[in-house]
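Participant: quick one: sequence and predicted model below, then my questions.
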Amino acid sequence: MLKVKRAVFLAAGKGTRMAPLTDILPKPLVKVHGKPIILTLLEAVQAAGIEEIYIVRGYLGEKFDCLLADYPQIRFIDNPDYEKANNISSIVAAADYLENAYIIESDLLLSNPALIPAEQEESNYLAIPKEKSDDWCFYTDEAGCIRKMAVGGENCQQMVGISYWTAEDGARLARRAKELYADPANHQLYWDEIALSRYLPEFTIRVRQCQQEDVIEIDTLAELQLIDSSYR
């Protein structure tokens, strides 16, 4: 096992499906039960003793400065392409920091901080076992290695946007991201497609299972209203 060196938070998007709340705030700073969504993740990273914290920001990026009062170690990475490209642009912006690192989608409401342990051994994605899903899913072999990623399916593992990358895999991910991004035709890729679709044979990435109640991705205002009645 190896102590995880850093965590990279992806937080550049607009979160338009949670408007009008996101008209004035980036989605990760929207509060759920009085606490910004991203704080549930930052608290877990800090509790794990992970010293390096990076936030890739874009839309209303200056709003994230408020986090420095409690987390002065945060370093911001500005993504200049967030409006015209998908989140592959955030991975390219953070390419120097992907080795021995968690990559974390910043709009996840985390209720089980144990999902971000201080030590890791191999590259992996969190996923929730599902009999049926219409979300992004993984299909694995008998050893739990991801062999296919697709939208929707049965008897699959539903993707959760928290992953860990070894030094070797993180360096490979950075290199392949830059190569793809050099062609504007690839600017609308989701970053996960780099290792899990375009270059899957080059990576060995396992699934680390969790439960539905451990972590929730809040996509829309309607979903937020179901979780926090103060928004109704």
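Facilitator: On my side now, so go ahead. Numbering: from 1, shown residues only.
Participant: what sits up against stretch 196-210?
Facilitator: 112, 115, 122-129, 138, 140, 143-149, 157, 160, 163, 169, 172-173, 176, 180, 189, 195 (C-beta atoms under 8 Å, 6 or more residues apart in numbering). Using the backbone N, CA and C atoms, a C-beta is placed for each residue, glycine as well.
Participant: quick one: the helices in this protein?
Facilitator: 37-47, 88-93, 167-181, 192-193, 221-227 (DSSP state H).
Participant: looking at those, spot the one closest to residue 103.
Facilitator: helix 88-93 (7.6 Å; C-beta to C-beta).
Participant: who are the packing partners of that closest one?
Facilitator: helix 167-181 (3 or more C-beta pairs under 8 Å, 6 or more residues apart in numbering; DSSP states H and E).
Participant: pull out the buried residues from the helix it packs on.
Facilitator: For helix 167-181, the neighbour count (16 or more other C-beta atoms under 10 Å) marks 169, 170, 171, 172, 173, 174, 176, 177, 180, 181 as buried.
Participant: is it true that residue 166 touches residue 101?
Facilitator: No - the criterion here is C-beta atoms under 8 Å, and residue 166 misses it with residue 101 at 9.1 Å.
Participant: who's more crowded, these two?
Facilitator: More crowded of residue 166 and residue 101, by other C-beta atoms under 10 Å: residue 101, with 25 against 21.
Participant: gap between the more buried one and residue 16?
Facilitator: Residue 101 sits 28 Å away from residue 16, going by C-beta to C-beta, to the nearest Å.
Participant: including mean pLDDT and distance to residue 76, could the helices of the chain go into a markdown table?
Facilitator: What follows is the helices of the chain, written out as a markdown table (pLDDT from 0 to 100; distance: least, C-beta to C-beta, whole Å):
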| stretch | mean pLDDT | distance to residue 76 |
| --- | --- | --- |
| helix 37-47 | 97 | 13 |
| helix 88-93 | 98 | 10 |
| helix 167-181 | 98 | 19 |
| helix 192-193 | 97 | 23 |
| helix 221-227 | 92 | 25 |
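Participant: wait, which of those helices is closest to residue 65?
Facilitator: helix 37-47 (13.0 Å).
Participant: that closest one packs against which elements?
Facilitator: strand 6-11, strand 52-57, strand 101-105, strand 108-110.
Participant: next, the angle strand 52-57 makes with it.
Facilitator: 160 degrees (axes from the mean of the first three to the mean of the last three C-alpha atoms, to 10 degrees).
Participant: chain center to helix 37-47: distance?
Facilitator: 13 Å (C-alpha atoms, centre = their mean, to the nearest Å).
Participant: same check on stretch 189-198?
Facilitator: So, by C-alpha atoms, centre = their mean, the centroid of stretch 189-198 is 13 Å from its chain's centroid.
Participant: tell me which residues of it are tucked away?
Facilitator: So for stretch 189-198, counting by 16+ other C-beta under 10 Å, buried means 189, 191, 192, 193, 194, 195, 196.
Participant: a markdown table for those, including distance to residue 207?
Facilitator: As requested, these are exported to a markdown table (distance: C-beta to C-beta, whole Å):
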| residue | distance to residue 207 |
| --- | --- |
| 189 | 21 |
| 191 | 18 |
| 192 | 13 |
| 193 | 17 |
| 194 | 18 |
| 195 | 13 |
| 196 | 11 |
